[in-house]
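> What follows is a predicted protein model with its sequence.
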Amino acid sequence: TVDAETNVGEYTSLTMTSAYAPRISYYDAETHDLKYAKLTNSNWSTLTVASTGIVGHYNSIALDSNNDARITTYNSSTGQFLYAYASGSSWIISEISKAADVGMFSSMVFNAQGYPHIAYFDDTNDDLKYAYWSGTGWIVQTVDFTDEVGLNPSLAMDSLGNPYISYYDITNKHLKYAYWTGANWAIYTLDTNTKTGLYSSIAIDRYNHAHIAYYDEKNGNVKYMYYTGTGWDSIAVDTRDNDVGQYVSLELNRNGDPIPHVSYYDATGKYLRYASWTGSGFDYDVVDGSTEVGMYSSLAMDVNNYPVVSYFDDHNDDLKIGIFNGSIWTSTTLDYINTTGLYTSIAINDSGRVYISYYDYSTSSLKYATWDGSKWIYHTIDSRGDVGWYPSIAIDGHGNPAVSYYDGTNGDLKYASSVQSYALYLPFTSK
């Protein structure tokens, strides 16, 4: 027994030190406090971390490089999301943000220091927001607040660590683009045609130039824009069918060469397509020609620079993957238990290991799948409430995955990172 007091142990979160000693944060329902427990030399000790108001719901614990605890939690009395860390014998508590409906459509990357950066939509204020971990806490910025903006953000980072975001202007129905100059956010409207810019996907090449693929809803096309160094050029990727370009995902060559690869949904044929630049135009393939497949596609390039796509099979309600071996595409059903595989996001580390995060509709949870070299392994990352909408997966500096995602129950942006190479996943909540 860790804590023998009455009505303790709700909303537990567990992690391990580098010596595999357990550390637990949890809610005390009798005193309405956030508590912390640790095992030292076979003895459990417990501490009260926070006790002002009703605090301790939806807590999550992680450890820093010194094995010191870092805890996020929700204060139900004030609507605050809090961050707590131990300083000597006391706990320092700070506010991340007050309650709002934030975190929809998040996009995440890691900087050279291995810190996560997240772009997301603030549905309460209809703004584009940006959050990053500074090493000691979360820094949250409002990037664009003019009218209703920020839907479908896509985030990338250049070699200097400057973020670039493409996103949709809901009010004017345009594609917008923002980047950090080093002092402030520069914001531009890239495509002023009506109903252009949904499902945008951005990548930065080795020359620190931005490339963006997006959906032209008015004409039913998938379009592509890229920065030349002096200005923007635009190319229509696919205009052959009545309606193509939804759920578009863009990647460049793995080494950063400015060669675009695009996966997207053909709404007319109801299947998944892929296009790649040949040097003079785009070449096309059908990834999966089955019935009603290809929604929520996410594209990554493997270590051989071949495309790999995760996507949703709407006909069978399954998670699928399409893999190109240099000559043909092979499609495989991964998770098929009930209705699962929505909002897929894929990443491949430098060892060639594939990771896919996705939403399981049947269990209202965030899940991930990975190939261990011989078989696919599936895990639930977070199942506390209706969680896992619109996940974005990225690889940290050690080759391990992390996921940002939306908590539909609480209207929160959440972050889960793998802190051990054997895939122990810990939800890390922020607003």
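That came through, no problem. Just so we're clear, the structure is a prediction, and the values are computed from it rather than from any experiment.

> what does the helix or strand harbouring residue 178 contact?
Assessed by DSSP states H and E, residue 178 sits inside strand 174-180. Outside strand 174-180, the residues that touch it by Cβ atoms under 8 Å, 6 or more residues apart in numbering are 128, 143-144, 149, 162-169, 185-194, 196-197, 200, 202, 210, 212, 214, 225. Using the backbone N, CA and C atoms, a C-beta is placed for each residue, glycine as well.

> Put the buried members of those residues into a ChimeraX selection.
Buried residues within those, by 16 or more other Cβ atoms under 10 Å, are selected in ChimeraX with:
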select :128,143,144,149,163,164,165,166,167,168,169,185,187,190,191,196,197,200,202,210,212,214,225
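
> what number of residues lie near residue 362?
10 (other Cβ atoms under 10 Å).

> Surely it and residue 340 touch.
Yes. Between residue 362 and residue 340 there is a contact under Cβ atoms under 8 Å: 6.2 Å.

> where does the stretch 51-200 of the chain dip in pLDDT?
Within the stretch 51-200 of the chain, the segments meeting pLDDT under 70 span 77-79, 96-100.

> Kindly check the end-to-end length of stretch 208-226 for me.
By Cα to Cα, to the nearest Å, the extent of stretch 208-226 from end to end equals 11 Å.

> Give me the buried positions along that stretch.
Using 16+ other Cβ under 10 Å as the test for burial, stretch 208-226 gives 208-217, 219-226.

> and it, average pLDDT?
In this model, stretch 208-226 has a mean pLDDT of 96.

> now stretch 269-285
The average pLDDT within stretch 269-285 is 95.

> what do you get for stretch 382-397?
Stretch 382-397 comes out with an average pLDDT of 92.

> next one: stretch 38-47
92.

> do stretch 236-245 as well
88.

> What residues of that stretch count as buried?
Neighbour counts over stretch 236-245 (16+ other Cβ under 10 Å) mark 237-238, 244-245 as buried.

> Can I get those in CSV including distance to residue 14 and secondary structure?
Below are the buried residues of stretch 236-245 laid out as CSV (distance: Cβ to Cβ, whole Å; DSSP: H, G, I helix; E, B strand; the rest coil):
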residue, distance to residue 14, secondary structure
237, 46, strand
238, 48, strand
244, 46, strand
245, 43, strand
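
> Just put the residues you listed in TSV and tack on distance to residue 7.
Converted to TSV, the buried residues of stretch 236-245 look like this (distance: Cβ to Cβ, whole Å):
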residue	distance to residue 7
237	58
238	59
244	56
245	53
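
> Let me know the closest of the residues you listed to residue 122.
Residue 122 lies nearest to residue 245 out of the buried residues of stretch 236-245, by Cβ to Cβ, at 25.9 Å.

> so what's the residue nearest to the closest one when sequence neighbours are not counted up against?
Using Cβ to Cβ, 6 or more residues apart in numbering and skipping residues adjacent in sequence, the residue nearest residue 245 is residue 222, 3.1 Å away. By Cβ under 8 Å, 6+ apart, the residues touching residue 222 are 213-216, 236-238, 244-245, 248, 262, 264, 275.

> Next, give me the two most distant ones among those residues.
216 and 275 (14.2 Å).

> list the helices and strands the helix or strand harbouring residue 151 packs on?
Element membership for residue 151 (DSSP H and E) is strand 149-157. When contacts are defined as 3 or more Cβ pairs under 8 Å, 6 or more residues apart in numbering; DSSP states H and E, strand 149-157 packs onto strand 102-110, strand 116-122, strand 127-133, strand 163-169, strand 196-204.
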